[in-house]
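Chemist: My questions are about this predicted structure, shown below with the sequence.
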Amino acid sequence: MYDVIIVGAGASGSLCASILKLNNKNLNVLILEKNDKLGKKLSITGNGRCNLGNLDMDIGNFNTNSDITRFEKKLCKRENYLDYLKQIGIVVKEDNGRLYPYSNQAISVCKSFERYLEHLNVKIKYNYNVTNVKKENDLFIINDSIKAYNVVIATGGKSYPKTGSTGFGYDVLKGFGHKIEKLYPSLTYLKTDYKYIKDIAGVRFDCLASLSVDGVIEEKEHGQVQFTKDSVSGICIFNLSRNVSKYLDEGKKINVIINLVPEYNDDELKTYINSFNEYKIEDALSGIINNKLASAITKELKLNGKVVRQLTQDQINDVVFKVNNMNLGVICTGSFDASQVTVGGASLDYFTDDLESIKCKGLYAIGEVLDVDGKCGGYNLAWAFTSAIIVADKISKM
């Protein structure tokens, strides 16, 4: 018999177990993990660096279909979970507003959790596949054998399913009467039908990217865009990707509009181009943008190889417009296999302010299984850790 069973030994589950034992060393806590080690997804986050949070914890960096403002004070007080991480042995440093482990290694974060959970005598069953969760009287029963007074679902979403995030937690919560908001991949690349995308594969360029939905600009992001043989990627594209699958499902036309030189207005760009009057237009542009991009734009306008002085004013205007409005049609996003986070999940409307189910007393959910997702920059781990604290504090007071 256990006081608490946590399903999932990822970021949220590991921290929740740690805090439960810190708050009450006599609690009998068990973690059930389907992988052979904890933090399999955590170990690859942040390109292996593990972006643990961000100095800018404005609530606007988080998304949900419900009202998240009731969690704002706790979510935006990052010192809460940073203090716990330090106690666990995870020292944090800042890099351009983002928070990383001082070791710069996600694997060191996982090892710190492993050591600390062992130190606290938290039991972990690895290679354990939970197939069903039910409640009889006041007890939860997992796989018809393991019993507990409280169960915390910390199974993650559907992104990176090879790490164990298969979406099983949604099935458990749905079985207890919870609403699951439709699931979509997010923080992922956008596949495009742009005619010259193969010509610019491998290019990385700082620019201003905008998401156009049925011809209306919905949001903008500044940063580096990476071009592949059939897609656009990079942090700013990831942040724009959140609702793209949903919009495409609704039959809306999606485009990414890229301003390659946002620091220059039209007149400045025209002056720059005309100052190289004897150059081919693509060569003139290559002084200010990547030469592959310059070639693609002039090919698209059928001006490749033409000398600047031979161009009409309308043609110069077309070049300037295209440099400031490179238009890439979007046909799909990356799949869950190539997405950092899941949009949608268990609706917050079915949970109390302590993230306890309103459908079943003693049932809790934390982390990505809930309908909360954040932008790139450590926000999703911030939610995972904060939700873990909320639940651990609630159970510890019982």
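Modeler: Received it, and whenever you're ready, just let me know what you need.
Chemist: just the helices in this structure please.
Modeler: 11-23, 72-75, 79-88, 106-119, 168-175, 235-240, 244-249, 266-274, 281-285, 291-300, 313-324, 379-396 (DSSP state H).
Chemist: Can you tell me which helices and strands the second one packs against?
Modeler: Counting by 3 or more CB pairs under 8 Å, 6 or more residues apart in numbering; DSSP states H and E, the packing neighbours recorded for helix 72-75 are helix 379-396. Glycine gets a C-beta too; all of them are placed from N, C-alpha and C.
Chemist: okay, the helix it packs on in CSV with CA atoms only?
Modeler: Extracted C-alpha coordinates of helix 379-396, given in CSV (Å, rounded to 0.1, in the frame of the first residue of the first chain):
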residue,chain,number,x,y,z
TYR,A,379,8.5,27.5,-20.4
ASN,A,380,7.3,23.9,-20.7
LEU,A,381,9.7,22.7,-18.1
ALA,A,382,8.7,25.7,-15.9
TRP,A,383,5.1,24.4,-16.1
ALA,A,384,6.2,20.8,-15.4
PHE,A,385,8.1,21.9,-12.3
THR,A,386,5.5,24.3,-11.0
SER,A,387,2.6,21.9,-11.4
ALA,A,388,4.6,19.3,-9.6
ILE,A,389,5.1,21.7,-6.6
ILE,A,390,1.4,22.5,-6.5
VAL,A,391,0.4,18.9,-6.3
ALA,A,392,3.2,17.8,-3.9
ASP,A,393,2.2,20.7,-1.5
LYS,A,394,-1.4,19.7,-1.6
ILE,A,395,-0.9,16.0,-0.9
SER,A,396,1.6,16.8,1.8
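Chemist: which stretches of this protein have low pLDDT?
Modeler: Along the chain, no part satisfies pLDDT under 70.
Chemist: if we can go back for a sec, closest one to residue 365 among the helices of the chain?
Modeler: helix 168-175 (6.2 Å; CB to CB).
Chemist: Quick check: buried residues in that closest one?
Modeler: Across helix 168-175, burial judged by 16 or more other CB atoms under 10 Å covers 168-170, 172-173.
Chemist: now stretch 34-41
Modeler: Quick answer for stretch 34-41 (16+ other CB under 10 Å): 34-35, 38-41.
Chemist: same deal with stretch 140-157?
Modeler: 140-142, 146, 148-157.
Chemist: can you check stretch 195-214 too?
Modeler: Across stretch 195-214, burial judged by 16+ other CB under 10 Å covers 196-197, 199-200, 203, 205, 207-213.
Chemist: ok, now stretch 273-284?
Modeler: Per 16+ other CB under 10 Å, stretch 273-284 contains these buried residues: 273, 276, 279-284.
Chemist: ok, the residues you listed vs residue 392, which is closest?
Modeler: Nearest member of the buried residues of stretch 273-284 to residue 392, counting by CB to CB, is residue 282, at 59.5 Å.
Chemist: Please look at the closest one and residue 295 and confirm they touch.
Modeler: Yes. With contact defined as CB atoms under 8 Å, residue 282 reaches residue 295; the gap is 5.1 Å.
Chemist: list the residues that contact both of those two?
Modeler: Common contact partners of residue 282 and residue 295 (CB atoms under 8 Å, 6 or more residues apart in numbering): residue 304.
Chemist: And the residue nearest to the spatial centre of the chain, how far from residue 374?
Modeler: For the chain, residue 341 is the residue whose C-alpha lies nearest the centre (CA atoms, centre = their mean; 4.2 Å). For residue 341, the distance to residue 374 equals 7 Å [CB to CB, to the nearest Å].
Chemist: Likewise for residue 367?
Modeler: 12 Å.
Chemist: With neighbour numbers in mind, choose between these two.
Modeler: With neighbours defined as other CB atoms under 10 Å, residue 367 and residue 374 compare such that residue 367 has more, 30 against 24.
Chemist: mind listing what the closest residue to that one other than its chain neighbours touches?
Modeler: Distances taken as CB to CB, 6 or more residues apart in numbering place residue 12 nearest to residue 367, at 3.3 Å, with adjacent residues excluded. By CB under 8 Å, 6+ apart, residue 12 lies in contact with 154, 366-368, 384-385, 387-388.
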